[in-house]
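Q: sharing a sequence plus its predicted fold:
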Amino acid sequence: MERPHVLLVASPGLGHLIPILELGNRLSSVLNIRVTVLAVTSGSSSLTETGAIREVVARGTCEVTELPSVGIDHFVEPDATVFTRIIEKMRATKPVVEDAIKSMTQKPTVMIVDFLGTVMMSIADDVGMAKYVYVASHAWFLAVMVYLPILDRVVEGEYIDIKEPMKIPGCKPVGADDLMETMLDRSNRHYEECVRCGEEIPISDGVLVNTWEDLQGNTLAALREDREMSQVMKVPVYSIGPIIRSNRPTKKPNSIFEWLNKQRVRSVLYVCLGSGGTLSLKQTTELACGLEMSGQSFLWVLRRPTSYLGESSNNDDLVSDGLPEGFLDRTRGIGLVVTQWAPQVEILSHEAIGGFLSHCGWSSVLESLTKGVPIVAWPLYAEQWMNATLLTEEIGVAVRTMELPSKRVIGREEVASLVRKIMADENEEARKVRAKAEEVRVSSERAWTHGGSSHSSLLEWAERCCLLS
């Protein structure tokens, strides 16, 4: 007897593909079903050339097919944003996905797309598959997305000009500073695409979201039960998080872990602003000086300052040239600067790590929360601004800058103060945020125990899709 077959379609970019792959691995392992992932690529490089992708694919049991890239230059303006290009790439790739499905000997019964892939859902209708959306972010983000079409109708002018936070039924109100860039210019095509995504998510058969009941119970309840919101969000919402990359053993000597092994428990601040987290030369200098002023040990995965973006990307010396003169010498022993890719999940799992200065991408947030590591929020783009607000004002596991780092250079004194607020043993705020982070860690583990909220939610979804034997 053939196992049930589920199809996942991933939008271009590591930030979309890796969460879809991790979801596929979870579905395959927990439900013992066949999972096929169709990866829509940008065409710039093969998936197998990316170490992070190779690792996720090798560890899982999904069947991964890299789809041929489809040109979109005739459909987008030369200055189109990344968001618009991803949406158009998904739209242009629909015939390729249709052909891939037709060639399968065992037709899938369920299709899952991420929120940028809702244009693909008509394919599921055509071939008789159930269609679901996977939101690899949190429930508040989902609520704002599906309510955006309502805001589009009732709000006049640009959201950025509105002084008071905007009401989201049953949920935390959203301020202009929390919205993605794609929502801030209503004359731009990417805003239209964003509104369309918000309209299409509720016409799926349901939504899987990468959060859990203990973390966002009120928001999840609003999506399901609030009278006004339920008229917008008309389909079931399944909280199945946290779904993240799991630890992998370090097979060979690694200088990072050799250094961490010499540090005290919970004494090191991990600093990493994501694969796209490049700062200006001035901000890099201020961040470095702030780390030094804090007096705390740190491990910094340093990206090239934006002043050097035109230079060779393989020149590590050029990266460290962006640091203040003498910084590496003065911090030798208490700090380690790394200019290559670093295994983040394994680093956050190390007992020496006591805090994380992060760009607040949701995957990084979950990797930190599941290890009980509090966060200095340093949001840069996309929904990271919203994530930082959620972490500081609602969950209580983070501290943040007084203004968005995108609006001004964050000075060294503020950096040092923020670091001490989560790292200094004598700091009362640090003790509170650490305790909350540990509470969240425990709840994240409980969600995925047998009978836990996320485990049960996934089984409920699988039963509805007739995937359980």
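A: Great, that's in hand.
Q: residues contacting the nearest residue to Leu116 once chain neighbours are set aside?
A: The shortest distance from Leu116 to any non-neighbouring residue, by C-beta to C-beta, 6 or more residues apart in numbering, is to Ser11 (4.4 Å). For glycine as for every other residue, the C-beta is placed from the backbone atoms N, C-alpha and C. Contacts for Ser11 (C-beta atoms under 8 Å, 6 or more residues apart in numbering) come out as 17, 40, 86, 89-90, 113-114, 116-117.
Q: which stretches in the stretch 1-150 of the chain count as helices?
A: 14-31, 51-59, 82-92, 94-102, 121-127, 139-154 (DSSP state H, counting those that start in this stretch).
Q: okay, angle between the longest one and helix 82-92 too, please.
A: Put simply, helix 14-31 runs at 60 degrees to helix 82-92, going by axes from the mean of the first three to the mean of the last three C-alpha atoms, to 10 degrees.
Q: so which elements touch helix 14-31?
A: If you count contacts as 3 or more C-beta pairs under 8 Å, 6 or more residues apart in numbering; DSSP states H and E, helix 14-31 packs onto strand 5-10, strand 34-39, helix 51-59, strand 110-114, strand 130-135, helix 362-369, helix 453-464.
Q: measure the most centrally placed residue in the chain to Leu391 for me?
A: With distances taken as C-alpha atoms, centre = their mean, the chain has Trp362 as the residue nearest its mean C-alpha position (3.1 Å). Distance, Trp362 to Leu391, using C-beta to C-beta, to the nearest Å: 10 Å.
Q: swap in Gly198?
A: 23 Å.
Q: of the two, who's got more company?
A: Leu391 (27 against 23; other C-beta atoms under 10 Å).
Q: my read is the more buried one is in a strand, agree?
A: No: Leu391 sits outside any strand when classified using DSSP: H, G, I helix; E, B strand; the rest coil, being helix.
Q: isn't it right up against Gln384?
A: No: the criterion here is C-beta atoms under 8 Å, and Leu391 misses it with Gln384 at 10.2 Å.
Q: list residues touching both of those two?
A: Cys360.
Q: tell me the mean pLDDT for stretch 371-387?
A: Here stretch 371-387 scores 95 as its mean pLDDT.
Q: mind listing what's buried in it?
A: Across stretch 371-387, burial judged by 16 or more other C-beta atoms under 10 Å covers 371-380, 382-387.
Q: one more: stretch 275-291?
A: Those buried within stretch 275-291 under the rule 16+ other C-beta under 10 Å are 277-279, 283-291.
Q: contacts only, for the residue lying farthest from the centre of the chain.
A: In the chain, the residue that sits farthest from the middle, by C-alpha atoms, centre = their mean, is Met1; the gap is 37.1 Å. Residues in contact with Met1 (C-beta under 8 Å, 6+ apart) are Ser469.
Q: the one 5 residues further on now?
A: Shown in contact with Val6 (C-beta under 8 Å, 6+ apart): 24, 27, 33-36, 108-112, 465, 467.
Q: look up how far Ala124 lies from it.
A: 11 Å.
Q: now do the shared contacts for these two.
A: When contacts are counted by C-beta under 8 Å, 6+ apart, Val6 and Ala124 have Met111 as shared neighbours.
Q: my guess is Lys131 meets Pro202, correct?
A: No: using C-beta under 8 Å, Lys131 is not in contact with Pro202, being 11.8 Å away.
Q: looking at those two, which has the bigger crowd around it?
A: Between Lys131 and Pro202, Lys131 has the larger neighbour count (other C-beta under 10 Å), namely 21 against 17.
Q: contacts only, for the closest residue to the more buried one other than its chain neighbours.
A: Among residues not flanking Lys131 along the chain, Ala124 sits closest, at 3.8 Å (C-beta to C-beta, 6+ apart). By C-beta under 8 Å, 6+ apart, the contact set of Ala124 is 111, 130-131.
Q: what number of residues lie near Glu367?
A: Residues lying near Glu367 (other C-beta under 10 Å) number 21.
Q: for it, list the residues it contacts.
A: 244-245, 344-345, 348.
Q: if we can go back for a sec, gap between the residue farthest from the centre of the chain and Gln106?
A: 12 Å.
Q: next: Tyr381.
A: Distance, Tyr381 to Gln106, using C-beta to C-beta: 40 Å.
Q: repeat that for Leu223.
A: 33 Å.
Q: more neighbours: which of those two?
A: Taking neighbours as other C-beta under 10 Å, Leu223 and Gln106 compare with Leu223 leading, 28 against 11.
Q: tell me what the helix or strand encompassing that one is packed against?
A: Using DSSP states H and E, the element containing Leu223 is helix 213-225. Contact partners of helix 213-225 among helices and strands, from 3+ C-beta pairs under 8 Å, 6+ apart: helix 139-154, helix 227-232, strand 237-239, helix 428-447, helix 453-464.
Q: how does this structure divide into domains?
A: Domain assignment for the chain by automatic domain parsing gives 5-241+448-464, 255-445.
Q: does Leu273 really touch Ala377, like I thought?
A: No: Leu273 is not in contact with Ala377 according to C-beta under 8 Å; the separation is 11.1 Å.
Q: what touches both of the two?
A: Joint contacts of Leu273 and Ala377 (C-beta under 8 Å, 6+ apart) are Ser358.
Q: okay, now the unreliable bits of the stretch 101-250 of the chain?
A: Applying pLDDT under 70 to the stretch 101-250 of the chain flags residues 248-250.
Q: what residues are up against Leu148?
A: 183, 194-195, 198.
Q: farthest-apart pair in these, please.
A: Across these, the longest distance by C-beta to C-beta is 9.7 Å; it joins Met183 and Gly198.
Q: hang on, the earlier thing: nearest to Ile334, of the helices of the stretch 1-150 of the chain?
A: Nearest to Ile334 among those is helix 51-59 (29.2 Å), distances taken as C-beta to C-beta.
Q: got a list of contacts for whichever strand or helix holds Thr285?
A: Element membership of Thr285, judged by DSSP H and E, is helix 281-294. By C-beta under 8 Å, 6+ apart, the residues outside helix 281-294 that reach it are 269, 271, 279, 298, 300, 302, 305-308, 322-324, 327, 330-331, 335, 405, 409-416, 418-420, 423.
Q: do the same with stretch 443-463
A: Stretch 443-463 is contacted by residues 26-27, 30-31, 33, 132, 206, 208, 212-215, 236, 238-242, 366, 369-370, 468 when judged by C-beta under 8 Å, 6+ apart.
Q: my understanding was that Asn25 contacts Val64; is that so?
A: No: using C-beta under 8 Å, Asn25 is not in contact with Val64; the gap is 10.5 Å.
Q: just the buried positions in stretch 217-236, please.
A: Here stretch 217-236 shows 219-223, 226, 229, 232-233, 235-236 as buried, counting by 16+ other C-beta under 10 Å.
Q: same check, this time on stretch 193-213
A: Buried, per 16+ other C-beta under 10 Å, within stretch 193-213: 193-195, 197-202, 204-213.
Q: which of those fall within helices?
A: Counting by DSSP state H, these place 193-195, 197-200, 213 in helices.
Q: any chance of these in JSON lines, plus distance to Glu258?
A: Shown next, in JSON lines, are those (distance: C-beta to C-beta, whole Å):
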{"residue": "Glu193", "distance to Glu258": "47"}
{"residue": "Cys194", "distance to Glu258": "45"}
{"residue": "Val195", "distance to Glu258": "51"}
{"residue": "Cys197", "distance to Glu258": "45"}
{"residue": "Gly198", "distance to Glu258": "48"}
{"residue": "Glu199", "distance to Glu258": "52"}
{"residue": "Glu200", "distance to Glu258": "49"}
{"residue": "Glu213", "distance to Glu258": "40"}
